[in-house]
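**Student:** Here is a sequence with its predicted model. Questions after.
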Amino acid sequence: MKQLMLGNEAVARGLWEGGIDLITGYPGTPSTEITEYASAYPIQSEWAPNEKVALEAVFGASLAGARAACTMKHVGLNVAADPLFTFSYTGVRGGAVVCVADDPAMHSSQNEQDSRHYAVAAKLPMLEPSDSSDALLFARSAFALSERFDCPVMLRTSTRIAHAQSPVETGERVEREMIPYQKDAAKYIMMPAYARARHPLVEARMEALAEYAEDCPYNRVEWGGKEIGVITAGTCYTYVKEALGDSVSVLKLGMVHPLPRRMIRDFAEQVGRLVVVEELDGIIENHCRSMGLSVEGKSLFSPIGELSQDKVARAFGLPRPENCKPQDDLPPRPPVMCPGCPHRGIYLAMKRLGLTVFGDIGCYTLGAQPPLSVPDSTLCMGASISAMHGYLKCRPEATNKAVAVIGDSTFVHSGITSLCEMVYNGTAGTVVILDNSITGMTGHQQNPASGYNIKGDPAAKVDLEALCRALGVRRVRVADPADIEACVEALREETTSGEPSVIISRRPCALLKTVKHEPPLAIDPDKCRGCRRCLSAGCPAIGFFEKRARIDSTMCVGCGLCKQLCPFEAIG
Amino acid sequence: MINNIMIVGVGGQGTLLASKILGRLFVDRGYDVRVSEVHGMSQRGGSVVTYVRRGERVASPLICEGEADLILAFEELEAARYLPYLKTGGIVIASRQRIEPAVVLTGASVYPPDIGDRVKKSGAILYEIDALEAAIEAGSPKAVNLVLLGVLSRLLPEIEPASWTKVIEQTVPPRFLEINERAFAAGRNMAIG
C-alpha cells in the first residue's frame, strides 16, 4: 500500500529498514526531520552539539560494529569536514551514512554550496535520490554499500526532496547482528605511517566504486527521443521528466560520485546533443568534459538558485502556459520575529546604545531587517564572538561599543571555542548569549543547554554561567530581555567594564508550549499621539492606522515591550 | 480538471495541515501525488506556499508560472502575490482575511485596497469567502484551513464526501476533530460564486 511520505521521513524510514542502530545530527533546514523521524524508531537517537561531533560519534558506532548515520545541512558538512576526510581513510566496520541536505535558492541558509564537491574531495561515494521513493530505497541500501566498499556513504538531498512528499512503499527492517569489535590499529589509527598505507586503498576503492557505478541499479537510462540526451540527477530528474517527458533520452544518475564513465560514454554516443541538467555547480558536466565529450550544461542553466520544469522547458525553447498577470506593487512579506520573541527586548536595548552587533545563526538574524536593523554581520555558526574579537583587536577603541550575540544552541555548537579565543587572546568584548531554552529556527529541537534530549526526556544541562566562568570570563550575569531598561544597564556596564564579559539574556522562546502568555495589551486611542515609538519594536502585532498605533489582540501575547517604549502611557 | 493546487498564506496559518489532508486524499483515490512544502526560516510570519499536484503520473514537486489550476489562499494579499503561477482562467479561492505585513504595519507601504478587483482583472476566477468567520463559528479560528478545503471540495466533484471525511479523521488530532468537521461542512455548504 502506497503512502505519502516527506523526503526526510523516507530517509529515516530507509535508514531504519537498512538496520540503523544509531542516528545523530545537528538540526539544520532542510535536513532536520530525518533525525526527528528516525528518533521515533527503537534505536539510539540524539541531537549532537554540532555536526563534527555527530560524525565522530558515527565513526565510533561504526567501530563498534553498528550501523549508524548522521544528518546535517550543507553548511553543517563544513563543520564535519575534518572527520569526514579521514573517516574516508579508516573506512568502516559497521555501515556509516552521512546525510547532507543542500538548500539551493537559500530558502533557509546563508549560502548555496554544492555538497557534491565534498564527495569528490573526500573520495566517497554519494547517492542522490529524486523523490521520497528513491530516498527510502537509497537510504536502505546505503549501509550495505558502506560495508561492501569499506567507507562512509554520503546521501545528498536538497530542499525539494527533503521537504516534498511523494508516495513510497515501505518494507521490513534488515535484522542483523552487530559485527564483533576487534582492535585494528593500522586501520583505525590515522598516524602518518598507517595513513600512508591507507591512501592507496582509498584510491583503489574509488576505482572499484567507479566500476560498481556502471552496474549500480540506481544509474539507469530511460530511452526516448535520441536527438537530445540528458544526463541528470536528484530533483532535476523530475524537472526533466516533467518538461521533456519521453521526447528526450535520460541518463538518471542515482549515484553522483563516482560517475559511470562507460555508461556516460555509451549514452553520449547514442544521442545527438548531450546536455547535463544539474542544480548549482557543473560537476557532472565538467566530468563529461574531462572525458573529452562535447556537452552543454551551465551555458543553459545558471549555477544560481533552484531549477524547475519551467527553466528546463525554457532552456529547450518550449512554449510555456499563459498565466495571470503579476501584480508588481505588492508589499513584501518577509519572515519576522514573532510577537513576544525574547530576542526583541535585548535588541531594542542594543539599538538604544547604538552598538555594533556581531550576529550569528538563528532566529535573531531576523532582527537584521527594519525597523530593528540590529546586527552588523552574520557569517556562520559561532562567528559572532570570534569576529568581534578580530574586530576589537584591530579597533580596540570600539570595545565599549561592540557586542556579539549568539543563541544558546549556537553557542554550544561552536561559540565556546570562540569565547575561549576572546579570553585567551585578550579582547574585552561583551558576549550576549540569547538563551531561549531551545533551538528555535529549525522548529524547536532540544540541545545540551535546554536540559532535555531528542525524545523530550530530562538530560544533563550545560550550566552556561559556570561554563563561561571556567573559560576565564569573570564578569558573567543574567538579564531578562523582557525588561529593556535592565538590559540597557547591563549592556552599558559590561561593554565599559574593560574586561571580557558575558550577558545571558534568558527567557524561553515565545512559541514554546510551556510558556504562559499574558493577556493581550491594547492602545488607548485617546492617549496615543501617534509618535510611532512602539512601532520601532518591529512587532507584527502592532500596526499604525489613521494616525494611531493599534494592537492586534489575536496576535499580542502581552510581553509588554511596547508598553516600555510608549512615552504617553497609552498601552495597557 | 483541477490537478495543480497552490496553498498560500502567512506562516503560522495552518497551510501545512491543508496540504497534508489534500495529499492524503489524492493518494487514497489512487492518484500519483507530489506535495512540496517550505519549512524553516520563512515560516516565521512570512509568505508561505505549498504545492499539491496529482495526476496519472506526476514527476516534479513544483508548480511553475502558469501551471496552477487553483490557488487556495488563506490571506488576500498572498492570493494576489502568487497570481503569475495561476493559468489564465484559473480559480482563486480566497479567505477575506487580511494580515498586514511589517511594511504596512509601520506605514512604509499600504495594503492594496482593491485585491478582489485585481485578482479578477488578472485573468482569474475569484471566489471570496468569509473563512475566518465560519471557522470561529465552527469553534476555532484555526479551523480556517478546513473551511477552505470544504469550499475546494465543491470544485472536485469526482471525490465523494466520504473520502474527505475519512482523510480528515485520519489527519486531524481527535480532540479537534469535531470542530474541524464542522468547519469543513461550513465551507462545503457555503454559497460561492
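**Tutor:** Right, received. Where do you want to start? Residues are numbered from 1 along each chain as shown, chains lettered A, B, ... in the order given.

**Student:** Least confident secondary structure element in the chain?
**Tutor:** By default, I'm working from chain A. Within chain A, confidence by mean pLDDT, DSSP states H and E is lowest for strand A:542-545 among all helices and strands, at a mean of 91.

**Student:** wait, chain B
**Tutor:** helix B:102-105 (a mean of 90).

**Student:** Quick check: what element follows it along the chain?
**Tutor:** With elements assigned by DSSP states H and E, the helix or strand that comes after helix B:102-105 is helix B:115-121.

**Student:** Secondary structure element holding the residue nearest the centre of chain B?
**Tutor:** Most central in chain B under Cα atoms, centre = their mean is B:L72, positioned 2.9 Å from the mean C-alpha point. Take DSSP H and E as the rule and B:L72 turns out to sit in strand B:68-73.

**Student:** Run through who's touching the next helix-or-strand element following that strand.
**Tutor:** Toward the C-terminus, strand B:68-73 is succeeded by helix B:76-81 as the next helix or strand (DSSP H and E). Helix B:76-81 is contacted from outside by A:327, A:330-331, A:333, B:8-10, B:47, B:71, B:73, B:92, B:94-99, B:101, B:111-112, B:115-116, B:118-119, using Cβ atoms under 8 Å, 6 or more residues apart in numbering or on different chains. Just so you know, the C-beta spots here come from the backbone N, C-alpha and C atoms, and that holds for glycine as well.

**Student:** need the next SSE after helix B:76-81, C-terminal direction.
**Tutor:** Immediately after helix B:76-81, counting by DSSP H and E, sits strand B:86-95.

**Student:** rewinding a little: which members of the contacts of helix B:76-81 are classed as buried?
**Tutor:** For the contacts of helix B:76-81, a neighbour count by 16 or more other Cβ atoms under 10 Å in any protein chain shown gives the buried set as A:327, A:330-331, A:333, B:8-10, B:47, B:71, B:73, B:92, B:94-95, B:97, B:99, B:101, B:111-112, B:115-116, B:118-119.

**Student:** and the residue nearest to the centre of chain B, what does it touch?
**Tutor:** Contacts for B:L72 were tallied using Cβ under 8 Å, 6+ apart; they are B:I5, B:M6, B:I7, B:V8, B:A18, B:I93, B:L148, B:L149, B:L152.

**Student:** Filter the residues you listed down to the ones in strands?
**Tutor:** Judged by DSSP state E, the subset of those located in strands is B:I5, B:M6, B:I7, B:V8, B:I93.

**Student:** Which residue, other than its chain neighbours, is closest to the fourth one?
**Tutor:** Taking Cβ to Cβ, 6 or more residues apart in numbering or on different chains as the measure, B:V8 lies nearest to B:E78, with 4.4 Å between them; neighbours along the chain are not counted.

**Student:** What does the pLDDT read for that neighbour?
**Tutor:** Looking at B:E78, its pLDDT is 96.

**Student:** B:Q43 too?
**Tutor:** With respect to pLDDT, B:Q43 scores 66.

**Student:** repeat for B:G40
**Tutor:** The model reports B:G40 with a pLDDT of 64.

**Student:** next one: B:G14
**Tutor:** Predicted confidence (pLDDT) for B:G14: 87.

**Student:** Any idea how many residues pack against it?
**Tutor:** 17 (other Cβ atoms under 10 Å in any protein chain shown).

**Student:** Pull the contacting residues for it.
**Tutor:** B:F74, B:K142, B:V144, B:N145.

**Student:** at 10 Å instead, please
**Tutor:** Residues near B:G14 by Cβ atoms under 10 Å, 6 or more residues apart in numbering or on different chains: B:I7, B:F74, B:A135, B:P141, B:K142, B:A143, B:V144, B:N145, B:L146, B:L148.
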